[in-house]
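Enquirer: sequence? don't have it. structure:
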């Protein structure tokens, strides 16, 4: 966000934003501004969670890719590049030792975040998306996978919101 846009919002809401990255509470980089008049002391405690902590061990076959990929290395955040059509961001296969990019609303296709697991690329499951947003497991299970991905990509990280709301108790 530009400083000019931030200033417009701050002026309209008559408060300054706090900036929190969800990567402190989960395995997702999700750097966001939050405008609130609730007193928020410090940043959330870094839980040190990485993708390897939240992935399912035996996801269904429908989540795995058969396409070839370029391996980029064990120490890279993006560990591989999948050979699929689309923008670069859709081809990124994240390392289980790190964080994934920001979850977003999906429009079908290969938009789900991907990981390299057991030497093979696969898309993250809706359950893993729930874990990345600190949503209780199965909370979105009443709708299709596509709608689950959309809701979770459009949502807030629960632990970040809980951190902000703690200021109401004090």
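Expert: It's in. Keep in mind that this is a model prediction, so the values were computed, not measured.

Enquirer: how about the helices of this protein, start to end?
Expert: Under the criterion DSSP state H, helices of the chain are mapped to 3-13, 51-54, 88-91, 126-132, 145-154, 158-169.

Enquirer: As a markdown table, the ones you listed with mean pLDDT would be great.
Expert: Shown next, in a markdown table, are the helices of the chain (pLDDT from 0 to 100):
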| stretch | mean pLDDT |
| --- | --- |
| helix 3-13 | 96 |
| helix 51-54 | 98 |
| helix 88-91 | 94 |
| helix 126-132 | 97 |
| helix 145-154 | 93 |
| helix 158-169 | 93 |
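
Enquirer: Packed most tightly, which of the ones you listed would that be?
Expert: Across those, averaging neighbours per residue (mean count of other CB atoms under 10 Å) puts helix 126-132 on top, at a mean of 24. All C-beta spots, glycine's among them, are computed from the backbone N, C-alpha and C.

Enquirer: What helices and strands are in contact with that one?
Expert: Applying 3 or more CB pairs under 8 Å, 6 or more residues apart in numbering; DSSP states H and E, one finds that helix 126-132 contacts helix 51-54, helix 145-154.

Enquirer: Show me the one of the ones you listed that comes nearest residue 62.
Expert: helix 145-154 (8.9 Å; CB to CB).

Enquirer: Can you pull out the residues in contact with the closest one?
Expert: Residues from elsewhere that reach helix 145-154, judged by CB atoms under 8 Å, 6 or more residues apart in numbering: 103-106, 108, 111-112, 126, 129-130, 132-133, 135, 140-141, 143.
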